[in-house]
Structure formats: C-alpha cells, structure tokens
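Trainee: sharing a model prediction with you, sequence too.
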Amino acid sequence: MPRTQRAIATLIRSGMKRVSGTKRGVSAMGSAGCDDVDAVIYADANASAGKRRSGANKEKAVESVEEKFYVVLRTSEGRDRVVVIHRSESRYRWVHSGSFHDLDRYEVLSIRRKLLEWYDENQRILGWRIPTPKFIEKHSDRLEGYFDPVRTTLDHAYGVLVAEFMSQQTQLATVSKYWKRWVEKFPTLRVLANASLEQVNEYWAGLGYYRRAYALHECAKIIVRDYDGVVPRTAEELAQLPGIGQYTSGAIASTAYDQVVPIIDGNVARVMSRLCAFGMDSKCRVAKKWFWDSSSKLVDPSRPGDYNQGIMELGAMICTTNNPKCVNILSNHRKKKRPR
C-alpha cells in the first residue's frame, strides 16, 4: 500500500493523533478503526490529478495538491469530517479536524432573510447596480445625481457585463471610475463591437490585464452577430462567450436577469466557510465542488441577484480575512444546537 494511504489509515485508527506514515502502516483502509467510514476522499501530493481507485469497499478520489493532503471522511452516521495533513519529508502532521455544518431548511431561510435585510440597508452605490426599493426608500439622499442620463439610458445587462469583466482581478473602487468613462464612450454593445481594438485598449488603459479588454470586445461582436445585440439571459449561454467562466456567467445572469444560479469568489467562499465551519483550503478541487454545491442551496429564488451581490458585499466589507465583523449579522441563524 502506498505510504500516503498507510498514513491516512493510521491517522484514523489513532484517533486523529500525530503519526508517522513510514512506521505505522496498516494493510487496508477497512482495517480496525475504519469500520464506520463509508467513504474516504483525499488529495495526494504525489498522485495524478483526478485519478480514481476503489478497494476495501471504500472510494478514494485523488487530486494533485502541492504538499498537503486533504482528507474527507464520510461516516455511516452521515457526518462529514475533514482532516488536513501537512507533509514534511517522511512525516505527516495532523493540522485540523472538524465536522462540516450542513445547513437545514430553517437555517437556509434565516440566512437568506438576514442577508437581504443587511444588503437592503448597507449596499454600496455602484453605477451598474440597481439599488433595491428599500434602499431607495431609506437612503434617497445618498442617491442624488445617481440616475443621470448615462445610467437611465444604459442597458442594464450590458452595464453588468462590462463591470464583471473589469472586476476580474481589479477592486471595485477602481472599477467604478473606469466603468463610467467606458459606458460614456461605448454606450451600447453595437458601438463597442464596431470600435477598433486600439480604441478599446485606450479606454481600458489603467486597468491592466488587456486580455480582458480583448475578450470583452470579442464578446460584443459575438452578441451583436448571434444574439441581435442582446446579452444572453442564461448562465449556460454566457459561459460559451470568450473570457466568461462559471463565476462571471452566474454573476451576470443573476444580477441582470435574476436567474437563480450561485456564484463563488474569494469573498463568498470565506463567508460560506465561516457559516458552515468548513476547514479545508478553498483552492482545493474537493473544496471548490463543496462551495458550489452548498452555495446553490442558499441562493434566494425570489431575489437571486440581490442575494449574490449581498453575500459578496458581506465578504468584502464585513466578513473580511482579518478582523472580521460578521459575528452579529448571520451568526444567530441556528434554531438550536445540532447534536454531535
């Protein structure tokens, strides 16, 4: 048996204690101590990405992830436990163990309600974002000059499309300045599609990563040619366009057309990790799948765009990496303490 499997099996047997994989191996994953484990998913630093094996009635998904081993144990009781093992030469060190918190229906409804209430009160004013009715009612004084001729005549979906391209690897504070200048020069997709690449690059200057400008220009040409100048309404169609991936397609479809699709970026992943006590590295493939699956259950079907904008806003403004202030916003969503 490979040394990694011996280390993981020994780790399970020893009650998640520190072990050395070279000295305390076991003959199979189903040996004593593993009887209550229905599945084992782990990431092996020395294995080929995506390779799958089966044996001893266990399923193991193997992914190449630098010098860490991410272990997810699914027990016969339906509980998930995550273990992260760091490798140092021939030794394996236990770093983290805990249970995922699987949100129940009551908690999902509570989180949706509290997040949307917070967003209605605290959303940032951005040119491509339509303020919610409750925000307009409470903060009309802050919107003075917001509804200028450029914004009132601009196609909302096009404005969102431009903003999402610009915000790839660029902070929103910077995007806001360039976005208005852009839509004043290229007020419609047809105008953008007919512009030269030199003009596009000129108005993109300062944002960097000019590949995004080229992709946005190509998007405009395709939308004018194949969609009669109307931004596609579904995430599936948007994902076929150049420069648009799963996150960007979901952000455009939910914000512009209220399609019920999730989005995951660094801010959303951080909020989700803290809500569900998720201890795995968010860049791991296994973790990414969990984030997308879990986030799809949380999206509010009545206000998907506002929900997605709200959870990103919460992660950027409140639930920050350092010194987070999100404890009192969504922390009381549980009806009662879940039994261990």
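Mentor: Arrived safely, thanks for sending.
Trainee: so residue 187 makes contact with residue 153?
Mentor: Yes. At 7.2 Å, residue 187 counts as touching residue 153 under the criterion of C-beta atoms under 8 Å. Just so you know, the C-beta spots here come from the backbone N, C-alpha and C atoms, and that holds for glycine as well.
Trainee: between those two, which one's more packed in?
Mentor: Neighbours were counted for residue 187 and for residue 153 using other C-beta atoms under 10 Å; residue 187 has more, 16 against 10.
Trainee: isn't there a strand covering that one?
Mentor: No. Judged by DSSP: H, G, I helix; E, B strand; the rest coil, residue 187 forms no part of a strand; its state is coil.
Trainee: and the closest residue to it other than its chain neighbours, how many neighbours?
Mentor: Leaving aside its sequence neighbours, residue 187 sits nearest to residue 154 (C-beta to C-beta, 6 or more residues apart in numbering; 6.5 Å). Using other C-beta under 10 Å, residue 154 has 18 neighbouring residues.
Trainee: from residue 130, how far out is residue 154?
Mentor: For residue 154, the distance to residue 130 (C-beta to C-beta, to the nearest Å) stands at 11 Å.
Trainee: what does residue 255 give?
Mentor: Applying C-beta to C-beta, the value for residue 255 to residue 130 is 9 Å.
Trainee: what's the answer for residue 157, then?
Mentor: 11 Å.
Trainee: who has more neighbours, the two?
Mentor: The residue with more neighbours, out of residue 157 and residue 130, is residue 157; 21 against 17, by other C-beta under 10 Å.
Trainee: pLDDT at that one, what is it?
Mentor: Residue 157 carries a pLDDT score of 95 in this model.
Trainee: cool, the one 5 residues further on as well?
Mentor: What the model reports for residue 162 is a pLDDT of 97.
Trainee: am I right that it sits in a strand?
Mentor: No. Checked against three-state DSSP, residue 162 lies outside a strand; its state is helix.
Trainee: would you check that it makes contact with residue 179?
Mentor: Yes. At 6.2 Å, residue 162 counts as touching residue 179 under the criterion of C-beta under 8 Å.
Trainee: neighbour count: these two, which is higher?
Mentor: Between residue 162 and residue 179, residue 162 has the larger neighbour count (other C-beta under 10 Å), namely 24 against 21.
Trainee: helices of the stretch 51-200 of the chain, start to end?
Mentor: 105-122, 133-138, 149-153, 156-166, 172-185, 189-194, 197-204 (DSSP state H, counting those that start in this stretch).
Trainee: just name the most buried of those.
Mentor: The highest average neighbour count among these, using mean count of other C-beta atoms under 10 Å, belongs to helix 156-166 at a mean of 23.
Trainee: tell me the helices and strands packed up against that one.
Mentor: In terms of contacts (3 or more C-beta pairs under 8 Å, 6 or more residues apart in numbering; DSSP states H and E), helix 156-166 is packed against helix 172-185, helix 210-226, helix 246-257.
Trainee: can I get those helices in TSV with mean pLDDT and distance to residue 122?
Mentor: Shown next, in TSV, are these (pLDDT from 0 to 100; distance: least, C-beta to C-beta, whole Å):
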stretch	mean pLDDT	distance to residue 122
helix 172-185	92	14
helix 210-226	96	29
helix 246-257	96	17
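Trainee: can I get those in CSV including distance to residue 308?
Mentor: Below are the helices and strands packed on helix 156-166 laid out as CSV (distance: least, C-beta to C-beta, whole Å):
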stretch, distance to residue 308
helix 172-185, 14
helix 210-226, 20
helix 246-257, 5
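Trainee: out of those helices, nearest to residue 317?
Mentor: Nearest to residue 317 among those is helix 172-185; the distance by C-beta to C-beta comes to 10.3 Å.
Trainee: and the pLDDT at the residue nearest to residue 187?
Mentor: At residue 154, pLDDT is 88.
Trainee: and for residue 23?
Mentor: The model reports residue 23 with a pLDDT of 29.
Trainee: the one 5 residues further on too?
Mentor: Each residue has a pLDDT score; the one for residue 28 is 28.
Trainee: residue 256 is in contact with residue 305, correct?
Mentor: Yes. Using C-beta under 8 Å, residue 305 is in contact with residue 256, at 7.4 Å.
Trainee: which residues touch the residue lying closest to residue 224 once chain neighbours are set aside?
Mentor: Excluding its sequence neighbours, the residue lying closest to residue 224 (C-beta to C-beta, 6+ apart) is residue 193, at 4.4 Å. Neighbouring residues of residue 193 by C-beta atoms under 8 Å, 6 or more residues apart in numbering: 217, 220, 221, 223, 224.
Trainee: the fourth one: neighbour count?
Mentor: The number of residues packed near residue 223 is 24, by other C-beta under 10 Å.
Trainee: what about it, distance to residue 255?
Mentor: From residue 223 over to residue 255 (counting by C-beta to C-beta), the distance is 17 Å.
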